[in-house]
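Asker: Return a 3D structure for these sequence lines:
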Amino acid sequence: MDGEVRYDAAHIEVIQGLEAVRRRPGMYVGSTGSRGLHGMVMGVFEHAVNETAAGGRRAVEVTLTADGGVRITDHGPGVPFTTPADDGGPGLEDRLCHFQGGRPPIGRDRIWAWSGSHGLTVANALSTHLTAEVHRCGEHWIQEFACGTALAPPVVAGPSGRSGTTFAFHPDPGIFETVDCSFAFLGERLREVAFLLPGLDVTLTDERPADGPAVQRYRFPGGVRDLALSLAAPRHPEPPPHVLAFTSDDPRMAGVLDVAVVWTEEQRILGYANGRATPQGGAHLEGFRQGLADAFTAYARAYGPVSPGGDTAVTDRITAVVSVRLDEPEFEGATLTALGGDVVRACVQESVRDHVLAWLAEQPERAARLMERRTA
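Answerer: Next up, the predicted model:
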């Protein structure tokens, strides 16, 4: 038929290696604007945090270099160059030049900074130049990459008395609309991550200012409790009297739940899954809200009358942080902004109900005041 559109194998273009990332960067970092640029940086940072969880000093340094690049250093065991790696995972060149299936190995802490966009591989593909330096087993190794391709085999630069991995890279100005990273934006994101993993020490340095480097350090031993209090602080100069925080390790969902609740005069509930904000909510937030309502209902039945509509008021005036760290997170959609999983929902609901109910029973005077607010 005249005018018929023909479509056969000849119309299919096969793209090899990481050229697909360079041809369609938005599919991997969300955009070629500022959001995608910072997303790429955070992907490398997530890998660094995962390395610290595998052992070594719990610290990561992020530096915006004077020449417009980014340098990220961890103090983990150092990524091996062997293929397959001697820890059972992919070697450094594989991690930088090929997409990996599965998840990184779990260290003494559950994996929590899940890099769903294959952060290292994508950053290598979208950088004009990347240098990897590894300190491992008494040796200092260096390997150079350009646009996702290794320029030469790794070389030993000399002996080393420490362990860890450093990636220094320059985002490609031919791909991104801007390669000027925001110190303020990255500072807020890194500060948030430091809250979510107690004990992690994060340093952000900006070497670009003419009057000298700007440095911010983030470390919050109190974890999500400190985050909830910081969120409530603008309207509560003094620490609010009603603060509940707990951590629960549940093998049924293969993960850890961190919760902090501050009773305030407004509602603000933030959810996180493996270090990522989940603005679209998901199973963990649904479980939290239901568990909180269940706890107040059970307490009211035991100690006083149940007020119609009271359950809804439970979450109307709280500031809360709900963070889960899961071995196998089930994100809904490619943007990773919502968390799925019926098991996660049920486990969070049960844990929140039990912890909140026990907290209310241990503090009858505070519980009475909160019950008054609940029924007001």
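Asker: I'd like the next helix or strand past the lowest-mean-pLDDT helix or strand in the chain.
Answerer: Lowest mean confidence among the helices and strands of the chain (mean pLDDT, DSSP states H and E): helix 310-314, at a mean of 56. Proceeding N to C from helix 310-314, the next assigned helix or strand is strand 318-326, under DSSP states H and E.
Asker: model confidence over whatever helix or strand comes next after that next one, on average?
Answerer: Past strand 318-326, further along toward the C-terminus, the next helix or strand under DSSP H and E is helix 342-362. Mean per-residue pLDDT for helix 342-362: 95.
Asker: List the beta-bridge partners for residue 320.
Answerer: Beta bridges link residue 320 to residue 261, residue 269, judged by DSSP bridges.
Asker: scratch that, residue 215
Answerer: residue 205.
Asker: Next one, pLDDT for it please.
Answerer: What the model reports as pLDDT for residue 215 is 98.
Asker: got a pLDDT number for the residue most central in space within the chain?
Answerer: Nearest residue to the geometric centre of the chain (Cα atoms, centre = their mean): residue 275, 2.4 Å. The score at residue 275 is 86. That number is its pLDDT.
Asker: Repeat that for the one 3 residues further on.
Answerer: Per-residue confidence for residue 278 comes out at a pLDDT of 91.
Asker: That one - how many residues pack around it?
Answerer: Residue 278 has 24 neighbours, counted by other Cβ atoms under 10 Å. (Glycine included, C-beta is placed from N, CA and C.)
Asker: where does the chain dip in pLDDT?
Answerer: Scanning the chain for pLDDT under 70 picks out the ranges 1-17, 56, 82-90, 100-117, 235-241, 304-315, 333-335, 373-376.
Asker: domains of it?
Answerer: Domain assignment for the chain, taken from automatic domain parsing, gives 19-218, 224-375.
Asker: re the thing from before, so the residue nearest to the centre of the chain touches residue 46, yeah?
Answerer: Yes: using Cβ atoms under 8 Å, residue 275 is in contact with residue 46, at 6.7 Å.
Asker: Now do residue 277: how many residues are near it, please.
Answerer: Using other Cβ under 10 Å, residue 277 has 16 other residues around it.
Asker: meant to ask about residue 177, not that
Answerer: With other Cβ under 10 Å as criterion, residue 177 counts 12.
Asker: Give me the nearest residue to residue 283, chain neighbours excluded.
Answerer: residue 345 (3.9 Å; Cβ to Cβ, 6 or more residues apart in numbering).
Asker: Could you pull up the residues touching that neighbour?
Answerer: Listed by Cβ atoms under 8 Å, 6 or more residues apart in numbering, the contact partners of residue 345 are 283-284, 286-287.
Asker: Compare these and tell me which has the most neighbours.
Answerer: Tallying neighbours with other Cβ under 10 Å puts residue 284 at the head of these, with 30 neighbours.
Asker: Touching, residue 243 and residue 231? I think so.
Answerer: No: Residue 243 lies out of contact with residue 231 (Cβ under 8 Å); the separation is 11.8 Å.
Asker: Overlap of the contact sets of these two?
Answerer: With Cβ under 8 Å, 6+ apart, residue 243 and residue 231 have common neighbours residue 262.
Asker: These two: which has the busier surroundings?
Answerer: The residue with more neighbours, out of residue 243 and residue 231, is residue 231; 20 against 16, by other Cβ under 10 Å.
Asker: So what does the more buried one have for phi and psi?
Answerer: When read as degrees, to the nearest 10, the backbone of residue 231 gives phi -70, psi -30.
Asker: what about it, distance to residue 48?
Answerer: Distance, residue 231 to residue 48, using Cβ to Cβ, to the nearest Å: 26 Å.
Asker: Fine by me, thanks again.
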